[in-house]
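In: Sharing a model prediction with you, sequence too.
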Amino acid sequence: MTAPKRMALAFGCMLLAIAIFGTVDIVHIAIFYGPRHALPNLQMLPVYLLFAFPGWVLALPFVLLFKDADGWRAWTILAIGTAIGPAFLLTWSLLASGGRTTWRSDGMAVMMSRWIGFLTIVFYVALLRRFRNRSLGQVAQV
């Protein structure tokens, strides 16, 4: 798969992970508290995208470096991709607060970035393996 296709695949997987994460959150809130209370969580989806986009940009060198996801590369991609989001948010939090972090406020954002990053990378590795030897045009014909 070419580099631009891998970049597009990584971006699409990020959007898919945000959509799934947001949908699970919205459905959970709607079931327990009613649909009226799910609206603020629906409005948070662009914020998730705003914070996930820098993670995608930080992951681009690794997307370009690893051309396939066979063997040890899959585990390396999974480890790096899952760690990028929390590391970015913790670094940003530490720089903004003068070296101190409060886990009560920052902990949930770090956990959400970990889950979104993990979902993104799982989809990316699975689809990269799937499209390894086939072009997207051949897959569309099947």
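Out: Received the coordinates, thanks.
In: pLDDT weak spots in the protein?
Out: 133-142 (pLDDT under 70).
In: Show me the helices in it, by range?
Out: Assignment of helices within the chain using DSSP state H yields the ranges 3-33, 39-43, 45-65, 72-96, 103-130, 136-141.
In: Including mean neighbour count, could those go into TSV?
Out: Quick note: C-beta positions are derived from backbone N, CA and C, even for glycine. Supplementary listing: the helices of the chain in TSV, determined by neighbours: other Cβ atoms under 10 Å:
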stretch	mean neighbour count
helix 3-33	16
helix 39-43	12
helix 45-65	15
helix 72-96	16
helix 103-130	18
helix 136-141	9
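In: Show the contacting residues for residue 106.
Out: Under the criterion of Cβ atoms under 8 Å, 6 or more residues apart in numbering, the contact partners of residue 106 comprise 89-90, 93.
In: Cross-check the contact I'm expecting between residue 60 and residue 7.
Out: Yes: Residue 60 lies in contact with residue 7 (Cβ atoms under 8 Å); the separation is 6.5 Å.
In: give the contact list for the nearest residue to residue 131 once chain neighbours are set aside.
Out: Distance criterion Cβ to Cβ, 6 or more residues apart in numbering; nearest residue to residue 131, sequence neighbours excluded, is residue 1 at 5.7 Å. Residues counted as contacts of residue 1 (Cβ under 8 Å, 6+ apart) are 9, 67-68, 128, 131-132, 135.
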